[in-house]
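Asker: next one to model:
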Amino acid sequence: MAVFNHIVVALAILAVALLPATTIATDYVVGDGSGWTIDYDYQAWASNKAFKVGDNLVPPPNKAHTSGHDIISLSTPGKMWFLCGIEEHCSEYNQKLAVNVKAYQLMMIDGDDDDDKDNDDCAISIETCGGGNGVFVATDQFQEKEEKEILMANFSHIVAVLAISVLVLLPVTTLATEFVVGDSSGWTTNFDYQTWAKDKVFYVGDKLVFNYPKGSHNVYKVNATAFASCTVPDPSTGLTSGNDVVTLIAPGKKWYICGVGNHCSALNQKLVINVEGGAPAPAPSSATKSGYQILMGIVVVLALIILV
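Answerer: Numbering: from 1, shown residues only. Predicted coordinates for the structure are as follows:
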């Protein structure tokens, strides 16, 4: 259940982060009921609207068009300018429109910079009503500049998606570790367990696995005094299965000895470790691993959808 809740929370975070990319585009009929005509205040019409990449303007297109029902898809962020190229419709009758298109990416591109020389040049172009012979003309002096801006916005979005994916999937890399005591030698006599342990970091939640032939050895958890003197505690407290697993449930020093004969005192069959706090998550069950694999697949799919 905890794993399921973790996946749900992770998907919710991803949904919030990627929601702008799934927003349905809006069709704006320029001038509403009046359409694209003369003697109409298109700047007042546009002033209360929020144009986004992916929205559509009807009728002005991105080049000269004459269909009477011309549609332009706003594919890049920044300022865009449109005018009518028939006779004096622009210069005398104010048939022109400027809109500011916002990127839906996490890093917003704001093209409304009155101090930008390029914007001034394009504004001059629309103010003087120059720019083409068609009926609807859009100034496109900044295509290269806008392409660079959208590329930077997309890059920032990619970075954000990857960062979210790393945070969501981080528990996979912090799962509890199982340490087989002595590695392939297992739990035996005449082995230097302190050398084995010295380059390892043990955390709360990790597990120690003591492997040995059943009946030949055993495992006792003791205190520092009993460890130093190899004093064996009550036999009922020993582990004797031959595949004993000890979960490290608290930080601090932990001492273990073998209670068979002189295995501890003469043959050095004892181990002391230091357990760090701040434990990783418990070791994963097969369900946990499957849950994270499914989650990773969903993250990859969502990222691909965003990038296409």
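
Asker: what's the end-to-end length of stretch 189-207?
Answerer: Distance across stretch 189-207, first residue to last, is 21 Å (C-alpha to C-alpha, to the nearest Å).

Asker: same question for stretch 26-39.
Answerer: 25 Å.

Asker: same deal with stretch 80-97?
Answerer: OK, stretch 80-97 end separation, C-alpha to C-alpha: 8 Å.

Asker: next: stretch 81-94.
Answerer: End-to-end for stretch 81-94, by C-alpha to C-alpha: 13 Å.

Asker: please identify the buried residues of it?
Answerer: The neighbour-count check on stretch 81-94 (16 or more other C-beta atoms under 10 Å) flags 81-86, 89-90, 94 as buried. Where C-beta positions appear, they are placed from N, C-alpha and C, glycine not excepted.

Asker: next: stretch 241-257.
Answerer: Buried, per 16+ other C-beta under 10 Å, within stretch 241-257: 242, 244, 246, 248, 254-257.

Asker: dump these to JSON lines, plus distance to residue 222, pLDDT and secondary structure.
Answerer: As requested, the buried residues of stretch 241-257 are arranged in JSON lines below (distance: C-beta to C-beta, whole Å; pLDDT from 0 to 100; DSSP: H, G, I helix; E, B strand; the rest coil):
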{"residue": "242", "distance to residue 222": "20", "pLDDT": "96", "secondary structure": "coil"}
{"residue": "244", "distance to residue 222": "15", "pLDDT": "97", "secondary structure": "strand"}
{"residue": "246", "distance to residue 222": "13", "pLDDT": "97", "secondary structure": "strand"}
{"residue": "248", "distance to residue 222": "15", "pLDDT": "95", "secondary structure": "coil"}
{"residue": "254", "distance to residue 222": "9", "pLDDT": "97", "secondary structure": "strand"}
{"residue": "255", "distance to residue 222": "5", "pLDDT": "97", "secondary structure": "strand"}
{"residue": "256", "distance to residue 222": "7", "pLDDT": "98", "secondary structure": "strand"}
{"residue": "257", "distance to residue 222": "6", "pLDDT": "98", "secondary structure": "strand"}
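
Asker: just these now: which is nearest residue 48?
Answerer: Set against residue 48, the nearest of those by C-beta to C-beta is residue 248 (62.4 Å).

Asker: these two touch, right, that closest one and residue 277?
Answerer: No. Look at residue 248 against residue 277 with C-beta atoms under 8 Å: they stay out of range, at 10.5 Å.

Asker: mutual contacts of those two, please.
Answerer: 203-204 (C-beta atoms under 8 Å, 6 or more residues apart in numbering).

Asker: identify the residues contacting residue 254.
Answerer: Applying C-beta under 8 Å, 6+ apart, we find residue 254 in contact with 221, 248, 272-275.

Asker: still on that earlier bit, so which of the buried residues of stretch 81-94 sit within strands?
Answerer: 81-84 (DSSP state E).

Asker: thanks a lot, catch you later.
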